[in-house]
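> the following comprises the amino acid sequence and a computationally predicted model.
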Amino acid sequence: MNYSTLKKTVALSFASLMAAGMVNAQSTTTTTTTTDSTKTTSDVATTAKVFGGRGQYRTFSLGINAGITAPVVLTGGSNDYTNWKVDFGAGVSARWQVAHSFGIQLDGHYGQFEGNNQDAPGGARYDGVSGVWISSFKTTMYSATLSGIANVATVDYLRRKNAINFYVSAGGGFAWYNPKLTLSNGTTTQYTNADGSKHYVTEMIIPVGVGVKFRLSDATALNLGYTENFVDGDNFDGLHYGYPTKDKYGYTYAGLEFTLGPKSKPNLDWVNPVAMMYDELYDAALRQEVEALKGRVTNVENAVNDLKKDSDGDGVSDQFDKCPNTPAGTVVDGAGCEIKFPKDTVNANNGGGAAYSNIQFDFDSSVLRTSSYPALDKTSADLRSNSSKTIELDGYASSEGTAAHNMRLSRDRANSVKTYLVNSGVEARRLKVKAYGETHPIADNSTEEGRILNRRVEFKQR
């Protein structure tokens, strides 16, 4: 059989087997019946979840296959013999499906391979290594390989369950073979290794394949495939022609694969992720859980709104307001109750100008406000008219900043008041400065209104 004939044979075999597989796939394809918003299905009885892990699926399978072998491959390349024959091969496999789209497979194969040089001049070709003319060969081969198998089509948007999977594979392993040669003089001999022995040759091989799988049932599948095997040596057919080329062989097969495990678990190889996610989306239990979650969120939002509610607008929510319905503009503490200021602070914010009124300052400043001048002038006049009075100037600060900084700031504020009074004619000896920093606040430092009142200098008669 020549190379063109092999291509035609393989193509015809694939077409026939695919047609049979398609008929079976059509007969096993199921439909979906949707009855309401929760969607009930009549085609799949599965409790598997998309993100539930491999433990919810059947992932291990065993397979058997048989087919035709050839000492050439469809992708071409050099051949040691002018003619070759189609022979028989068989194999077994064990596969672990790691994911929807990828599995790891261990294969064992047996095969027979034959070829001759009938079309060569003299019916033989010269082996430049052994120095003999070889007319034909026959090789018996055993191999063991480990390959990765990638499913090319694991998502089906038309059917709930995949019926056909296309796949590609590649891996590595070893082959053991024993070429028997017929020389041009008609004598038969066994291939001789480099060390002179004639036992089986061991070489590494690299298998690369393609195939299609048809689902016969959830546990049984029909496999059709073709594998090209590249040998790491030029001794597979016993002839070193065009040395140092390396040999190769092809295997076209059909087989059955049986998935192991309990029937209650779906076969990972045939699960359609799109259909499963659709089922999860319409799962009644999940929808109930989502609705319950919405209710909990609503309750939290209502609780937050209740916490934020402030009926009297004093800045303290009703939940924590111990003095509800305070008049607008009332300065309150953290509990929502009106702050009672000392008598001499009544005019602190409005610049009323009463003698000995608290002197207020801007944030982080010890510069006197011009609005404080009337009160300071009246204080100076009273002190000058009562020469026996001695006054203590107590400086304070709000709670922003460090304690040390606020202590210095409160002293600077008291000294600013003292400087003004001394410049207006009051003896310096009658004015004593004390700094208290952020201690002894007269208002709540958690509000800006309170902090404004705490930035002050107070007068105290000694």
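Cool, got the structure.
> low-confidence ranges in the stretch 301-450 of the chain?
In the predicted model of the stretch 301-450 of the chain, residues 328-334, 339-352 satisfy pLDDT under 70.
> tell me where it has strands.
359-360, 391-395, 431-435 (DSSP state E, counting those that start in this stretch).
> need those strands in TSV (columns: distance to Thr189 and mean neighbour count).
Quick note: C-beta positions are derived from backbone N, CA and C, even for glycine. Below are the strands of the stretch 301-450 of the chain laid out as TSV (distance: least, CB to CB, whole Å; neighbours: other CB atoms under 10 Å):
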stretch	distance to Thr189	mean neighbour count
strand 359-360	118	24
strand 391-395	117	21
strand 431-435	115	18
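> let me have these in a markdown table, extended by distance to Arg408.
Formatted as a markdown table, the entries for those read as follows, by distance: least, CB to CB, whole Å:
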| stretch | distance to Arg408 |
| --- | --- |
| strand 359-360 | 18 |
| strand 391-395 | 10 |
| strand 431-435 | 8 |
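> closest to Ser371 out of those strands?
Set against Ser371 and scored by CB to CB, these come closest in strand 359-360, at 8.3 Å.
> return the list of helices and strands in contact with that closest one.
If you count contacts as 3 or more CB pairs under 8 Å, 6 or more residues apart in numbering; DSSP states H and E, strand 359-360 packs onto strand 456-461.
> do that again at 10 Å, thanks
Where contact means 3 or more CB pairs under 10 Å, 6 or more residues apart in numbering; DSSP states H and E, strand 359-360 is packed against helix 373-385, helix 403-423, helix 448-454, strand 456-461.
> centre of the chain to it, how far?
Averaged C-alpha coordinates place strand 359-360 at 61 Å from its chain's average position (CA atoms, centre = their mean, to the nearest Å).
> and the end-to-end length of stretch 380-391?
End-to-end distance of stretch 380-391: 11 Å, with CA to CA, to the nearest Å as the criterion.
> for it, what is the distance to the chain centroid?
The gap between the average C-alpha position of stretch 380-391 and the chain average comes to 80 Å, counting by CA atoms, centre = their mean.
> residues contacting that stretch, please?
Contacts with stretch 380-391, where a contact means CB atoms under 10 Å, 6 or more residues apart in numbering, come from 355-356, 379, 417-418, 420-427, 429-432, 459-462.
> hmm, try it at 6 Å
Contacts made with stretch 380-391 from outside it, assessed by CB atoms under 6 Å, 6 or more residues apart in numbering, are listed as Ala355, Leu421, Ser424, Gly425, Val426, Arg430, Leu431, Phe459, Arg462.
> next, count neighbours for the fifth one.
I take that to be Val426. The local packing of Val426 (other CB atoms under 10 Å) involves 21 other residues.
> and Glu289, helix, strand or coil?
Three-state call for Glu289 (DSSP: H, G, I helix; E, B strand; the rest coil): helix.
> what's the domain layout of the chain?
Following the assignment in automatic domain parsing, the chain carries domains at 3-28+56-281, 343-461.
> now those domains in CSV, with distance to Cys337?
Formatted as CSV, the domains of the chain follow (distance: least, CB to CB, whole Å):
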stretch, distance to Cys337
domain 3-28+56-281, 54
domain 343-461, 10
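> about what we covered before: among the strands of the stretch 301-450 of the chain, which is nearest Tyr241?
Go through the strands of the stretch 301-450 of the chain one by one with CB to CB and the one that ends up closest to Tyr241 is strand 431-435, at 107.3 Å.
> what lines up beside that closest one in the sheet?
Strand 431-435 has these partner strands in its sheet, going by DSSP bridges: strand 391-395 (parallel).
> thought Lys85 was touching Phe113?
No - applying CB atoms under 6 Å as the test, Lys85 and Phe113 come out as separate, 8.2 Å apart.
> neighbour-wise, which of these two wins?
Relative neighbour count places Phe113 above the other of Lys85 and Phe113, with 27 against 17, counting by other CB under 10 Å.
> before we move on, the earlier item: of all the strands of the stretch 301-450 of the chain, which one is nearest Leu146?
Closest to Leu146 of these, according to CB to CB: strand 431-435, at 84.1 Å.
> returning to that earlier point: show me the one of the domains of the chain that comes nearest Lys309.
Nearest to Lys309 among the domains of the chain is domain 343-461 (18.5 Å), distances taken as CB to CB.
> Val297 in helix, strand or coil?
helix.
> what distance do you get for it to Val304?
Taken as CB to CB, to the nearest Å, the spacing of Val297 relative to Val304 amounts to 11 Å.
> wait, is Ser197 part of a strand?
No - according to three-state DSSP, the state of Ser197 is coil, so it is not within a strand.
> count of residues packed around the closest residue to Val92 other than its chain neighbours?
On the basis of CB to CB, 6 or more residues apart in numbering, the spatially nearest residue to Val92 that is not a chain neighbour turns out to be Gly108, at 5.2 Å. Residues lying near Gly108 (other CB under 10 Å) number 14.
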